[in-house]
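Participant: Just a sequence and a predicted model for now, questions to come.
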Amino acid sequence: SQQGEEDPQALSIQEGENATMNCSYKTSINNLQWYRQNSGRGLVHLILIRSNEREKHSGRLRVTLDTSKKSSSLLITASRAADTASYFCATDWGLGGTSYGKLTFGQGTILTVHP
Amino acid sequence: AAGVIQSPRHLIKEKRETATLKCYPIPRHDTVYWYQQGPGQDPQFLISFYEKMQSDKGSIPDRFSAQQFSDYHSELNMSSLELGDSALYFCASSPAGTGVGEQFFGPGTRLTVL
């Protein structure tokens, strides 16, 4: 299946430190997205990186994509206690630029930032 | 800005009962997706609709059905509920005309089956 995998499954850091989460996937993708979910709540879109992009920034977020290794990483710099949440990568897969639309999520990383 | 609306936010049902979850997409979004997230699990795609037609189907049980109406809202109907159906059900919408892009998620409906 297209199921993505994320590591680490859980990450605990101190405020001000950087947090890096990794995601791997199995098939061709059109884009890879990162979502954040506070405990039991809705999914909030963080950033999208297209298959022809290698790196993207948004505020304190930096995402990289390596399509040869079928992997992506999300870096949160200068973390804050409010960043405590689960982070999911999700792939929109397809061939030749055609999107199948549905997202396939990784298993998520639980990030805890201690004040 | 308007967001995706889901109702109800919480629902408690008994085994073998039926449930109907509703989703109102962001205005001018014509594609709706349904996802199920079990406790401690990642969201799993159930079904999607584009312009009122089913566009894709995932791991949706035969006991579940869904449709998209002329005003683009969607309903997920769940019958013969089982304990294992207890989960968060998310609806997401996107302007499919752009083909590829972000999906906007609603706050979810938490279904508890007793």
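Facilitator: Alright, I've got the coordinates. Just so we're clear, the structure is a prediction, and the values are computed from it rather than from any experiment.
Participant: now the strands for chain A?
Facilitator: With strands called from DSSP state E, chain A shows them at A:5-7, A:10-14, A:19-24, A:29-37, A:43-50, A:55-58, A:61-66, A:71-76, A:85-93, A:103-105, A:109-114.
Participant: Could you identify which of those has the lowest mean pLDDT?
Facilitator: Mean pLDDT per stretch puts strand A:5-7 lowest among the strands of chain A, at a mean of 79.
Participant: quick one on the thing from earlier: what would the strands of chain A look like in CSV with mean neighbour count?
Facilitator: Just so you know, the C-beta spots here come from the backbone N, C-alpha and C atoms, and that holds for glycine as well. CSV is the format used below for the strands of chain A (neighbours: other Cβ atoms under 10 Å in any protein chain shown):
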stretch, mean neighbour count
strand A:5-7, 17
strand A:10-14, 14
strand A:19-24, 20
strand A:29-37, 24
strand A:43-50, 18
strand A:55-58, 12
strand A:61-66, 18
strand A:71-76, 20
strand A:85-93, 24
strand A:103-105, 25
strand A:109-114, 18
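Participant: Now render the ones you listed as TSV, adding distance to chain B.
Facilitator: Below are those laid out as TSV (distance: least, Cβ to the nearest Cβ, whole Å):
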stretch	distance to chain B
strand A:5-7	9
strand A:10-14	12
strand A:19-24	11
strand A:29-37	5
strand A:43-50	4
strand A:55-58	12
strand A:61-66	13
strand A:71-76	15
strand A:85-93	6
strand A:103-105	4
strand A:109-114	10
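Participant: possible to save those as JSON lines with distance to B:Ile12?
Facilitator: Conversion of the strands of chain A to JSON lines gives the following (distance: least, Cβ to Cβ, whole Å):
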{"stretch": "strand A:5-7", "distance to B:Ile12": "32"}
{"stretch": "strand A:10-14", "distance to B:Ile12": "30"}
{"stretch": "strand A:19-24", "distance to B:Ile12": "34"}
{"stretch": "strand A:29-37", "distance to B:Ile12": "22"}
{"stretch": "strand A:43-50", "distance to B:Ile12": "23"}
{"stretch": "strand A:55-58", "distance to B:Ile12": "39"}
{"stretch": "strand A:61-66", "distance to B:Ile12": "37"}
{"stretch": "strand A:71-76", "distance to B:Ile12": "36"}
{"stretch": "strand A:85-93", "distance to B:Ile12": "24"}
{"stretch": "strand A:103-105", "distance to B:Ile12": "26"}
{"stretch": "strand A:109-114", "distance to B:Ile12": "27"}
